[in-house]
Structures are given as C-alpha cells and as structure tokens.
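Visitor: Need a 3D model of the following:
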Amino acid sequence: PWALLLGNMGYSVVYAVFSHLLLAGPSNRLAWNSNTVKEIWGFSGWVMFNSTLTYLSGEGLNLLRAKLVDLAFMGQFNIATALTMMPWIAIQRLSGQVLFPAYTETLRNNPEMFPQRVRKSRRFQLIFCWFVGAFLVFFGEWIIGFMYDDRYAQAGQIKIGRAHV
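Guide: Numbers count the residues shown, from 1 in each chain. Have a look, this model is predicted:
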C-alpha cells in the first residue's frame, strides 16, 4: 500500500513540476487587479467579521457554558436543548418542503393572495411553536422522566430561553 501511495504522490508532484516548466507560452502567476482585491476584501471583510461574531455569539456561549459547568450538567443541558429544538426543526422542514413551494406557486398563479397566505402560514407556525413551548414548560419534567432514567431528571427542569421563530 505504501508503494501505491508514494508512487501516486510522486507521479503527481513530477507531473505538476514538469508541466509547469516544460509547457510553452507565458508562465502562470498570480495577477490580481489591486482595485478588485480591495473591493472584494472591503465587502468580504465585513462578511467575515459578521460571521465570526455570529459564530462566537452562538457557539461561544456553549464554550463558556462548558467551561463553567460540569460534564453531567452539559449532557442534561443538551437533552433539554434537543427537546426544545424539535418544534423549530419541524417548522424548518415544513417551510422548506411544503410552504416555500406553495409560496412559489402562489406568486406564479395568484400573486395578490401571497401576503394573505404568508400571514396565514406564519400564524400557524407561531401558534404551533407557542403550543409546543407551553407544553414543554408544563410537561417537560414528565417527558424527561418518561424518556430517561433518574440520572437525567434535572434536564426536565432546564428552561431554554431562546426564541427561534
């Protein structure tokens, strides 16, 4: 196996070097227009900064939480988070597979009905999430007790305070 691996790697290196050195014509090199680079970096720099802040605000909290609490609590917190994320995931799937195609068809065939259909579907999404959220607030401990053993009882008492819809 090592002979195959090293042979293929050696072939690729030799091929790249000789094709670069022996081909006729101008040699390839980086030739960037400095104005274009400044324009791209000006925009993408803000996108990168924003992405970094978004990541740190979401995952940075988890890193901080993992540093401040013990591993057992983190496991229970993850169970509680997974339970509270279920309605959000259901709404995302419903939106992606049913609502967005329906919106597209409405825009094509009956555009004046579009705002009314979006309001109606949004109302359904909010009522569904509120109902599930209230259900989890009142019956979360019972659900955890039914699904898990006593080691995870504390997960039912954790209330996740993030609104996702």
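
Visitor: shaky segments in the chain?
Guide: Low-confidence segments of the chain (pLDDT under 70): 27-28, 30, 159-165.

Visitor: in it, which spans are helices?
Guide: Here the chain has its helices, by DSSP state H, at 2-22, 34-68, 71-94, 100-109, 114-147.

Visitor: got JSON lines for the ones you listed, with mean neighbour count too?
Guide: Placement of C-beta: from N, CA and C, glycine included. Below are the helices of the chain laid out as JSON lines (neighbours: other Cβ atoms under 10 Å):
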{"stretch": "helix 2-22", "mean neighbour count": "9"}
{"stretch": "helix 34-68", "mean neighbour count": "10"}
{"stretch": "helix 71-94", "mean neighbour count": "15"}
{"stretch": "helix 100-109", "mean neighbour count": "12"}
{"stretch": "helix 114-147", "mean neighbour count": "14"}
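
Visitor: Quick check: end-to-end length of stretch 108-115?
Guide: Start and end residues of stretch 108-115 are separated by 13 Å (Cα to Cα, to the nearest Å).

Visitor: How about stretch 101-118?
Guide: 12 Å.

Visitor: How about the residue in this protein that sits furthest from its center?
Guide: Distance to the chain centre peaks in the chain at Ala24, reaching 47.1 Å (criterion: Cα atoms, centre = their mean).

Visitor: For Gln157, which of the helices of the chain is the nearest?
Guide: Ranking those by distance to Gln157, with Cβ to Cβ as the measure, places helix 114-147 first at 6.1 Å.

Visitor: tilt between the closest one and helix 71-94?
Guide: 150 degrees (axes from the mean of the first three to the mean of the last three Cα atoms, to 10 degrees).

Visitor: helices and strands around helix 114-147, which ones?
Guide: helix 71-94, helix 100-109 (3 or more Cβ pairs under 8 Å, 6 or more residues apart in numbering; DSSP states H and E).

Visitor: Out of those helices, which gets nearest to Leu136?
Guide: helix 71-94 (6.2 Å).

Visitor: and that closest one, how far out from the chain's middle?
Guide: The chain centroid and the centroid of helix 71-94 are separated by 14 Å under Cα atoms, centre = their mean, to the nearest Å.

Visitor: Please put the alpha-carbon coordinates of that helix into CSV.
Guide: Output of helix 71-94 as CSV, limited to C-alpha atoms (Å, rounded to 0.1, in the frame of the first residue of the first chain):
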residue,chain,number,x,y,z
LEU,A,71,-19.9,17.5,32.2
ALA,A,72,-23.1,15.9,33.7
PHE,A,73,-24.9,19.2,33.5
MET,A,74,-23.8,19.8,29.9
GLY,A,75,-25.3,16.4,29.0
GLN,A,76,-28.6,17.3,30.6
PHE,A,77,-28.5,20.8,29.0
ASN,A,78,-28.0,19.1,25.6
ILE,A,79,-31.0,16.9,26.2
ALA,A,80,-33.1,19.9,27.1
THR,A,81,-31.9,21.8,24.1
ALA,A,82,-32.7,19.0,21.8
LEU,A,83,-36.2,18.7,23.2
THR,A,84,-36.8,22.5,22.7
MET,A,85,-35.3,22.5,19.2
MET,A,86,-37.8,19.9,17.9
PRO,A,87,-40.6,22.4,17.0
TRP,A,88,-38.1,24.7,15.4
ILE,A,89,-36.7,21.8,13.2
ALA,A,90,-40.3,20.7,12.4
ILE,A,91,-41.2,24.3,11.2
GLN,A,92,-38.0,24.5,9.1
ARG,A,93,-38.8,21.2,7.4
LEU,A,94,-42.4,22.2,6.8
